[in-house]
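Participant: here is a sequence together with a model predicted from it:
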Amino acid sequence: MKRETHSIRTNAQEDLEREVIIDIRDLYKSFGKVHVLKGFNMKLYKGENLVVMGKSGSGKSVMIKCLIGLIKPDSGYISVMNNEIKTLNRETLDTLRSDIGFLFQGSALYDSMTVRENLEFPMRRHKKKLGPLTDTTPLVLEALESVGLADAIDLMPAELSGGMKRRVALARTLILQPKIILYDEPTSGLDPITSKEIIELMLRIQAKYGTSSLIITHDVDCARVISDRMILLVDGINYAEGTYEDLITSADPKVEAFFKK
Ligand SMILES: Nc1ncnc2c1ncn2[C@@H]1O[C@H](COP(=O)(O)OP(=O)(O)OP(=O)(O)O)[C@@H](O)[C@H]1O
Ligand SMILES: [Mg+2]
């Protein structure tokens, strides 16, 4: 059997057997004359760690923003857990967002609030999901314990190192018990050892909660360790897909050029 045929069969089989959590088809988005996404496709399956790479300005963050309804695409189909984003009203979108955790590079902690207050913040916004809570402490502590920082509950962000802040931000995404976690550059700005700790934490969280994760990163080591599958975004499309090994050994000139940089 020829390799292409085999690989097409496997994909069709995968679709049938695995639950699709995020489905993006033929996504287009331009800003004026800048055509950023030009027919991007992506599926995230339940429980997997999907890494999306692409050079700076290729549209990775725009894709994530379309996904959570922060940017309106020009055309295309996006569904998250079988909810087509463009058909949702504000309230339904908000409910869906409570199932999605974000760890964005810019999602800094509120400097004037303690660690505990930072974690309580999303709980107030999504009260409906958590139900009536008389005491938030057990949930706050559980989330902090998941990132190994229960002792930091009463500290101020200024008293934390960069790696600790990132872990608190991760705890804050866990507080709503998300089914999906979106990471935009989770290790940027951290030294190699702290980056490794964050990656290990991401893997532990996935094992504990069974979350499905979309990870955008420039960090090739992070991609190697964490990815079940990868997509390379080039020229506005999902140019190449496969495992880390598939992509790193690809003979395609654009894929090779990306990893050689
Ligand atoms: N709100 C906006 N208005 C106009 N142009 C935008 C907007 N958001 C993004 N862009 C443009 O879209 C392109 C893709 O941006 P995006 O932030 O998605 O890149 P990226 O792949 O995430 O890059 P990086 O790796 O540097 O984070 C860039 O040319 C950027 O200038
Ligand atoms: Mg970006």
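Facilitator: That came through fine. Ligands and ions are numbered 1, 2, ... in the order given.
Participant: now do the contacts for G39.
Facilitator: Applying CB atoms under 8 Å, 6 or more residues apart in numbering, one finds that G39 lies in contact with D26, L27, Y28, G76, G236, I237. For the C-beta atoms, the positions are set from N, CA and C on the backbone; glycine is no exception.
Participant: of those residues, closest to E120?
Facilitator: Nearest to E120 among the contacts of G39 is L27, at 35.2 Å by CB to CB.
Participant: could you find the closest non-adjacent residue to the closest one?
Facilitator: G76 (3.6 Å; CB to CB, 6 or more residues apart in numbering).
Participant: so who does that neighbour touch?
Facilitator: Here G76 is in contact with I24, R25, D26, L27, Y28, L37, G39, F40, C66 (CB under 8 Å, 6+ apart).
Participant: and those residues, which of them are buried?
Facilitator: I24, L27, Y28, L37, F40, C66 (16 or more other CB atoms under 10 Å).
Participant: show me what contacts the third one?
Facilitator: For Y28, the set of contacting residues under the criterion of CB under 8 Å, 6+ apart consists of H35, L37, K38, G39, F40, P73, D74, S75, G76.
Participant: coming back round to it: just the contacts of G76: which are in helices?
Facilitator: Of the positions in the contacts of G76, C66 sit in helices, assigned by DSSP state H.
Participant: let me have the buried ones among the contacts of G76 in CSV, extended by distance to G163.
Facilitator: Formatted as CSV, those follow (distance: CB to CB, whole Å):
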residue, distance to G163
I24, 32
L27, 34
Y28, 38
L37, 33
F40, 32
C66, 30
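Participant: pLDDT and distance to ligand 1 added to the residues you listed, as TSV?
Facilitator: Formatted as TSV, the buried ones among the contacts of G76 follow (pLDDT from 0 to 100; distance: CB to the nearest ligand atom, whole Å):
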residue	pLDDT	distance to ligand 1
I24	98	14
L27	98	12
Y28	98	13
L37	98	9
F40	98	11
C66	95	10
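Participant: ok, and of those, which contact ligand 2?
Facilitator: When CB under 5 Å from the ion is applied, no member of the buried ones among the contacts of G76 is adjacent to ligand 2.
Participant: grab the two from those that are most spread out in space.
Facilitator: I24 and Y28 (11.1 Å).
Participant: mutual contacts of those two, please.
Facilitator: By CB under 8 Å, 6+ apart, the residues touching both I24 and Y28 are F40, G76.
Participant: hang on, the earlier thing: counting only strands, which of the contacts of G39 make the cut?
Facilitator: Members of those lying in strands (criterion: DSSP state E): D26, L27, Y28, G76, I237.
Participant: please determine how far K127 is located from ligand 2.
Facilitator: Note on K127: its distance to ligand 2, by CB to the ion, to the nearest Å, is 31 Å.
Participant: report the buried residues of stretch 208-227.
Facilitator: Applying a neighbour-count criterion of 16+ other CB under 10 Å, one finds 211-217, 219, 222-223, 225-227 buried in stretch 208-227.
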